[in-house]
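**Q** Any chance you can model this:
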Amino acid sequence: MTDTVEDFDARKARASQWFSDLRDRIVTAFEGLEDSHAQGPLSDQAPGRFEVTPTERKGPNGEDHGGGKMSVMRGGRVFEKVGVNISTVWGELAPRAQKAMAARGVPGMEDDPRFWASGISLVAHMQNPHCPAVHMNTRMFWTPGAWWFGGGADLNPCLEYDEDTAHFHAEMQAACDAHDKTYYDHFKAWADEYFFIPHRGRARGVGGIFYDDLNTGEWEDDFAFTQSVGAGFLPAFQPLIEKRRVQDWSEDDRETQLRHRGLYAEYNLVYDRGTKFGLETGHNADAVLMSLPPVAKWY
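**A** Down below sits the predicted model:
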């Protein structure tokens with residue numbers, strides 16, 4: 001049975017609402033971490049809170065092309081900077097973006113460049129160098145000729161703990177295994193490749209999972225998997241922060257953290273496909289560049 005436009009209107013609305021609900025759960029959990037930080041470094045400071053800013057995407061003549069919500073916490077006692085952004089945008093792809101989509105095998109771009117995209121994107125940079133930075137996103141993309149899901153999560157510690165890496169990967173594997181036993185190995189390898197920094201000859205972190213262009217032909221199955229990845233994020237990340245936030249750190253630890261953040265910034269500005277797409281499609285630049293760390297160093 002061929003899907004109708006009405007089918008996808010309903011599906012797009014469901015996906016957009018789910019990303020928004022996930023954003024709410026994560027923001028609540030992160031503010032809860034700030035509130036419960038009663039001992040350890042910076043525990044005597046006031047707990048951080050998210051500042052929420054609406055974002056807009058306008059067409060060439062000022063018409064509404066969607067938008068979203070940028071939620072950023074700065075200077076918390078657990079989070080130095082964390083952003084949890086959602087957006088639902090639509091319009092027509094610019095020529096460069098059309099060519100990029102066509103090169104990826106998306107049909108019909110030359111004839112009908114319309115698109116719709118919705119998702120959640122999260123990046124957290126922590127106060128305590130023992131607490132790992134983290135990235136997570138899930139998204140849905142639609143064009144008249146195709147649809148797909150993408151996303152994943154990856155851990156970026158500057159001071160690595162093998163048990164933390166094992167826990168994070170175990171939660172990502174559980175999210176994958178609930179849907180397809182082949183997903184974890186495939187998407188883990190994809191993350192290792194995608195988050196590799198060629199000019200440094202190393203990965204930006206300890207990996208996780210990454211997937212894109214996911215269209216098995218069964219929208220409900222692919223959406224359910226994407227929901228599992230998003231829902232698996234807090235169980236994968238939150239216990240690590242609850243454990244590490246109480247540890248003292250040294251000036252050397254802080255230096256290591258700042259240099260690692262430089263590595264993270266290099267990757268996001270030079271290679272990250274989401275950053276390039278967001279800027280090329282006219283989305284709010286502050287929201288697109290939310291992933292950049294508040295302070296970093298290079299030598």
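**Q** Distance check, Asp24 against Gly68.
**A** 13 Å (Cβ to Cβ, to the nearest Å). To be clear about C-beta, it is placed using only N, CA and C from the backbone, and glycine gets the same treatment.
**Q** Where do the strands of the chain begin and end?
**A** 51-58, 64-74, 79-92, 114-126, 133-143, 146-156, 196-197, 202-203, 207-214 (DSSP state E).
**Q** Of Asp24 and Gly68, which one has the most company?
**A** A count of neighbours by other Cβ atoms under 10 Å puts Gly68 above the other of Asp24 and Gly68, at 26 against 13.
**Q** Pull out the buried residues from stretch 220-227.
**A** Neighbour-count burial for stretch 220-227, counted by 16 or more other Cβ atoms under 10 Å, picks out 222-223, 225-227.
**Q** Give me the below-cutoff pLDDT ranges for the stretch 151-299 of the chain.
**A** Of all residues in the stretch 151-299 of the chain, those with pLDDT under 70 make up the ranges 281-283.
**Q** Of the buried residues of stretch 220-227, which belong to helices?
**A** Per DSSP state H, helices hold the following members of the buried residues of stretch 220-227: 222-223, 225-227.
**Q** could you dump these to a markdown table with distance to Pro107?
**A** Shown next, in a markdown table, are these (distance: Cβ to Cβ, whole Å):
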| residue | distance to Pro107 |
| --- | --- |
| Asp222 | 18 |
| Phe223 | 21 |
| Phe225 | 23 |
| Thr226 | 22 |
| Gln227 | 27 |
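**Q** which among the buried residues of stretch 220-227 gets closest to Glu31?
**A** Gln227 (22.7 Å; Cβ to Cβ).
**Q** Grab the longest helix from the chain for me.
**A** Per DSSP H, the chain has its longest helix at helix 5-35.
**Q** Report all helices and strands that that helix contacts.
**A** Applying 3 or more Cβ pairs under 8 Å, 6 or more residues apart in numbering; DSSP states H and E, we find helix 5-35 packed against strand 64-74, strand 79-92, strand 114-126, strand 133-143, helix 219-231, helix 233-244.
**Q** Distance to Ala10 added to these, as CSV?
**A** Listed next are those as CSV, based on distance: least, Cβ to Cβ, whole Å:
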stretch, distance to Ala10
strand 64-74, 17
strand 79-92, 14
strand 114-126, 13
strand 133-143, 12
helix 219-231, 11
helix 233-244, 26
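**Q** so which of the ones you listed comes closest to Lys181?
**A** helix 219-231 (12.4 Å).
**Q** The closest one versus strand 207-214: what angle between them?
**A** 160 degrees (axes from the mean of the first three to the mean of the last three Cα atoms, to 10 degrees).
**Q** other SSEs contacting helix 219-231?
**A** Against helix 219-231 (3+ Cβ pairs under 8 Å, 6+ apart) you get helix 5-35, strand 133-143, strand 146-156, helix 162-177, strand 207-214.
**Q** I am finished for the moment; much appreciated.
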